[in-house]
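# this one's structure only:
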């Protein structure tokens, strides 16, 4: 749960990202306890948030790193992750990224296609290196998540399907440069890890492991990617790490392989908030727009695929709290379409949002912005990036602004 001091936040220029480091530590501790109890390793997906202090906290928790580019591998190494605790994934690895992974000696490169496997073999042979290989399998299971973040169907670009397994096995058997390590599967984000769909994915993975082992390739590692769902309506709700670990252990209890999970969003979403101010209230015959100074350049998810973020007007809440009887005047009976300043109609934070009566200058909190927020930010319209503020460094941030 974000703990904020409105009097301090009011002293900062918006928009800005705020990370509650205590909330982050609490989530990391909960994940660590659940994973250790189940005997399962955790590799944090850097793509969710690669802020240096976030990575430092993740590494301090004892987690590894899941990377999808050579630059992420380099950052992980610079942040203290060891090569043995780094996995390299991604459907479009560049030759440069592959070479970075090989020279670093990462624990496994998860391969997405037959051609990629051959390219990795060629690069490894050229530089007299060994490539630790994981085969990312496509289970062709619908996990009923958002279509933009599903990745386990044959219609998706990810993973190798069963029909290509014989060719993959043939290449692995004859190669002196490729070392088979195990199976990787990522079926999508925002999944209920206790659902039957997720269990079907796990059972498919288990059957694929059997197939490879019967072909003479020992499965040492089973990497179960996929994002545990977070509650964007209630940011204070802790993700169900124990339920997730129990579901995995239930199906892989007899496996002698090392089991790895790849949480990203569920570890960092709740600790982050994007703060913004109301610039204008604009009314027409159809609706009332609340124009704020944070836009799709700061947090792309709503514009990109209609993602939901809870939005609170902290200033209006404070006014109602301080003035007896004002609740009836500023009650949550105002309906707004909340939009940003970017010159695109898709720059919309939410339609038909109910909140207290808002005025120019009010401070708004866009919750659960710790994952896929700042890391996807851009400078469209030449807008300046949102600054980063940490809960334990907020007074320093205020001083820096007014030096």
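That came through, no problem. Quick caveat: nothing in here was measured; it's all calculated off a predicted structure.
# Low-confidence stretches in the stretch 251-400 of the chain?
Residue ranges of the stretch 251-400 of the chain with pLDDT under 70: 321-332, 399.
# Please, where are all the helices along it?
Secondary structure of the stretch 251-400 of the chain (DSSP state H, counting those that start in this stretch): helices located at 265-268, 301-305, 314-322, 394-401.
# report the longest strand in the chain, please.
Looking across the chain with DSSP state E, the single longest strand is strand 272-283.
# who touches that one?
For strand 272-283, contacts defined as CB atoms under 8 Å, 6 or more residues apart in numbering pick out 2, 4, 9, 12, 14-20, 49, 288-294, 298-299, 313, 341, 358-371, 373-374, 386. Heads up, the C-betas are built off the backbone N, CA and C, glycines and all.
# about what we covered before: got TSV for the helices of the stretch 251-400 of the chain, with distance to residue 66 and mean neighbour count too?
Below are these laid out as TSV (distance: least, CB to CB, whole Å; neighbours: other CB atoms under 10 Å):
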stretch	distance to residue 66	mean neighbour count
helix 265-268	11	27
helix 301-305	20	16
helix 314-322	35	17
helix 394-401	30	14
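# So for residue 42, which of those sits nearest?
The closest of the helices of the stretch 251-400 of the chain to residue 42 is helix 265-268. By CB to CB, the value is 8.5 Å.
# Quick check: which helices or strands does that closest one pack against?
helix 21-38 (3 or more CB pairs under 8 Å, 6 or more residues apart in numbering; DSSP states H and E).
# hmm, 10 Å instead?
With contacts taken as 3 or more CB pairs under 10 Å, 6 or more residues apart in numbering; DSSP states H and E, helix 265-268 sits against helix 21-38, strand 41-45, helix 52-60, helix 241-252.
# got the angle for the shortest one vs helix 21-38?
Strand 41-45 and helix 21-38 are oriented at 140 degrees to each other (axes from the mean of the first three to the mean of the last three CA atoms, to 10 degrees).
# how far does strand 41-45 sit from the chain's center?
Counting by CA atoms, centre = their mean, to the nearest Å, strand 41-45 is centred 11 Å from the centre of its parent chain.
# now stretch 67-84
16 Å.
# do the same with stretch 216-231
That offset, for stretch 216-231, works out to 16 Å (CA atoms, centre = their mean).
# Quick check: end-to-end length of it?
Taking CA to CA, to the nearest Å, stretch 216-231 runs 43 Å from one end to the other.
# buried sites along that stretch?
Using 16 or more other CB atoms under 10 Å as the test for burial, stretch 216-231 gives 217, 219-230.
# want to throw the helices of the stretch 251-400 of the chain into a markdown table with distance to residue 132?
Below are those laid out as a markdown table (distance: least, CB to CB, whole Å):
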| stretch | distance to residue 132 |
| --- | --- |
| helix 265-268 | 25 |
| helix 301-305 | 33 |
| helix 314-322 | 49 |
| helix 394-401 | 42 |
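# circling back to that earlier point, report the buried residues of the longest strand of the chain.
Under 16+ other CB under 10 Å, the buried positions of strand 272-283 are 272-279, 281.
# repeat for stretch 249-264
251-252, 257-264.
# In space, what's closest to residue 29 - neighbours in sequence excluded?
In this structure, residue 29 finds its nearest non-sequential neighbour in residue 61, 7.3 Å apart by CB to CB, 6 or more residues apart in numbering.
# Quick one, grab the pLDDT at that neighbour.
Model confidence at residue 61, given as pLDDT, is 98.
# what about it, distance to residue 296?
In this view, residue 61 and residue 296 are 32 Å apart by CB to CB, to the nearest Å.
# One more: residue 269?
18 Å.
# show me what contacts residue 130?
The contact partners of residue 130, by CB atoms under 10 Å, 6 or more residues apart in numbering, come to 102, 105, 124, 175-179.
# Just the residues you listed: which are in helices?
Among the contacts of residue 130, the members falling in helices (DSSP state H) are 102, 124.
# Make a PyMOL selection of whichever of the contacts of residue 130 turn out to be buried.
This is how PyMOL selects the buried members of these, with burial counted by 16+ other CB under 10 Å:
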select buried, resi 102+124+175+177+178
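# any chance of the contacts of residue 130 in JSON lines, with distance to residue 199 and pLDDT too?
Below are the contacts of residue 130 laid out as JSON lines (distance: CB to CB, whole Å; pLDDT from 0 to 100):
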{"residue": "102", "distance to residue 199": "35", "pLDDT": "98"}
{"residue": "105", "distance to residue 199": "35", "pLDDT": "98"}
{"residue": "124", "distance to residue 199": "36", "pLDDT": "98"}
{"residue": "175", "distance to residue 199": "34", "pLDDT": "98"}
{"residue": "176", "distance to residue 199": "38", "pLDDT": "97"}
{"residue": "177", "distance to residue 199": "36", "pLDDT": "98"}
{"residue": "178", "distance to residue 199": "31", "pLDDT": "98"}
{"residue": "179", "distance to residue 199": "31", "pLDDT": "98"}
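# since we're on residue 94, how many residues are nearby?
By other CB atoms under 10 Å, 11 other residues sit near residue 94.
# Disregarding flanking residues, what is the spatial nearest neighbour of it?
residue 70 (6.8 Å).
# confidence score at the one you found?
Residue 70 carries a pLDDT value of 98.
# returning to what we had before: among the helices and strands packed on helix 265-268, which is the most enclosed?
When you average the neighbours per residue for each of those (mean count of other CB atoms under 10 Å), strand 41-45 leads with a mean of 25.
# Kindly spell out which helices and strands sit in contact with that strand.
helix 21-38, helix 52-60, strand 64-67, helix 70-78, strand 86-88, strand 221-224, strand 258-261, helix 265-268.
# just to revisit the earlier point, so, if you compare the contacts of residue 130, which one comes nearest to residue 352?
For those, the nearest to residue 352 is residue 102 (51.7 Å; CB to CB).
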